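>>> Give me coordinates for this.
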Amino acid sequence: MAITQVKSKRKLTGGKYKKLRKKKKRDFGSDFFPIKIEEESKKTIEGLGNTEKQRIFHVDKVNVFDASGKAKVVGILDVEKNPANPHFVRMGIITKGAVVKTELGLAKIVSRPGQHGVVNAVLIEKK
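Residues are numbered from 1 along each chain as shown. Below is the predicted model:
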């Protein structure tokens with residue numbers, strides 16, 4: 001069954017709402033795809049309006065920006081903290097807001113890897 005973001009079929013009393021229209025492509029959502037630390041793999045998916053999105057499944061490098069705004073591509077060593085879910089640290093899943101250990105030090109993920117297909121981070125603690 002498809003994941004949709006439409007109103008419920010039932011009222012709080014248990015009665016049914018009258019169906020207004022069919023499901024449309026804009027109403028569909030998607031499953032959560034955990035981004036893990038492995039050799040990089042991506043897939044292009046179709047968006048609305050003839051656009052394309054990059055869905056990333058595995059990543060091993062991150063674009064790290066320091067305080068001066070300079071960027072470096074470095075390897076990811078481990079996930080240190082993830083406020084989205086404490087179990088994501090144990091499983092090594094990267095989401096926005098996660099703190100990862102890199103070759104330069106600790107960095108916080110500022111992009112949305114599942115939506116953008118790119119992993120950007122800001123350096124928060126040097127080695």
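
>>> ok, the strand ranked longest in the chain: who's next to it in the sheet?
Across the chain, the strand with the greatest residue count (assigned by DSSP state E) is strand 71-81. Under the criterion DSSP bridges, strand 71-81 sits next to strand 61-65 (antiparallel), strand 99-102 (antiparallel) in its sheet.

>>> So for that strand, mean pLDDT?
Strand 71-81 carries an average pLDDT of 95.

>>> Touching, residue 45 and residue 57? I think so.
No: Residue 45 is beyond contact range of residue 57, at 11.5 Å (criterion: C-beta atoms under 8 Å). Every C-beta, even on glycine, is put in place using the N, C-alpha and C of the backbone.

>>> More neighbours: the two, which one.
residue 57 (16 against 12; other C-beta atoms under 10 Å).

>>> Please name the residues that touch that one.
33, 35, 36, 41, 42, 43 (C-beta atoms under 8 Å, 6 or more residues apart in numbering).

>>> same thing but 10 Å
Contact analysis of residue 57 by C-beta atoms under 10 Å, 6 or more residues apart in numbering lists 33, 34, 35, 36, 38, 40, 41, 42, 43, 113, 114, 117.

>>> between the strands paired with strand 71-81, which gets nearest to residue 8?
Of all the strands paired with strand 71-81, strand 99-102 sits nearest to residue 8, with 37.1 Å by C-beta to C-beta.

>>> what's next to the closest one, contact-wise?
37, 59, 61-62, 64, 72, 74-83, 89, 92, 94, 106-109, 119, 121, 123-125, 127.

>>> and the longest strand of the chain, C-alpha only, in PDB?
What follows is strand 71-81, C-alpha atoms only, in PDB (Å, rounded to 0.1, in the frame of the first residue of the first chain):
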ATOM      1  CA  ALA A  71      35.500  23.300   2.200                       C
ATOM      2  CA  LYS A  72      37.400  19.900   2.200                       C
ATOM      3  CA  VAL A  73      36.200  16.500   1.200                       C
ATOM      4  CA  VAL A  74      37.200  14.100   3.900                       C
ATOM      5  CA  GLY A  75      36.300  10.500   4.900                       C
ATOM      6  CA  ILE A  76      33.700   9.700   7.600                       C
ATOM      7  CA  LEU A  77      35.000   7.500  10.400                       C
ATOM      8  CA  ASP A  78      32.000   7.000  12.700                       C
ATOM      9  CA  VAL A  79      28.700   8.500  13.900                       C
ATOM     10  CA  GLU A  80      29.200  10.100  17.300                       C
ATOM     11  CA  LYS A  81      25.700  11.500  18.100                       C
END
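
>>> Cool, thanks, talk later.
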